[in-house]
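In: sequence unavailable; structure follows:
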């Protein structure tokens, strides 16, 4: 899925202007059972990991 341009475009995580163009940026999205977005984080640098603990706190 990380090489899917359609998914990346639909969710706004497709990188288009870097040597990594065509790949997806690092992001975490948490949805509740109703499909409502409860948490989103898009990291500014591909080498930086998202705050997984923040995403897990939303699930608690």
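Out: Everything's here; your move. Keep in mind it's a predicted model, so treat the numbers as computed, not measured.

In: hey, what's the most centrally placed residue in the chain bridged with?
Out: Compute the mean C-alpha point of the chain, and by CA atoms, centre = their mean the closest residue is residue 27, 2.1 Å away. When assigned by DSSP bridges, residue 27 has beta-bridge partners residue 42.

In: who are the contact partners of it?
Out: Residue 27 makes contact with 11, 13, 40-43, 50, according to CB atoms under 8 Å, 6 or more residues apart in numbering. C-beta here means a position set from N, CA and C on the backbone, and glycine is covered the same way.

In: next, format those residues as CSV and append distance to residue 59, neighbour count and pLDDT.
Out: Shown next, in CSV, are the contacts of residue 27 (distance: CB to CB, whole Å; neighbours: other CB atoms under 10 Å; pLDDT from 0 to 100):
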residue, distance to residue 59, neighbour count, pLDDT
11, 19, 15, 84
13, 21, 16, 88
40, 14, 14, 95
41, 14, 14, 96
42, 19, 13, 95
43, 19, 14, 95
50, 14, 16, 96
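
In: make CSV from these and add distance to residue 56 to it.
Out: Output for the contacts of residue 27, formatted as CSV (distance: CB to CB, whole Å):
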residue, distance to residue 56
11, 20
13, 20
40, 14
41, 12
42, 17
43, 16
50, 11
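
In: closest one of these to residue 31?
Out: Closest to residue 31 out of the contacts of residue 27 is residue 40 (9.9 Å), distances taken as CB to CB.

In: for the closest one, what are its contacts?
Out: 27-30.

In: may I see the buried residues of the lowest-mean-pLDDT helix or strand in the chain?
Out: Using mean pLDDT, DSSP states H and E, helix 5-11 stands out as the lowest-scoring helix or strand of the chain, at a mean of 84. Buried residues in helix 5-11, counted by 16 or more other CB atoms under 10 Å: residue 8.
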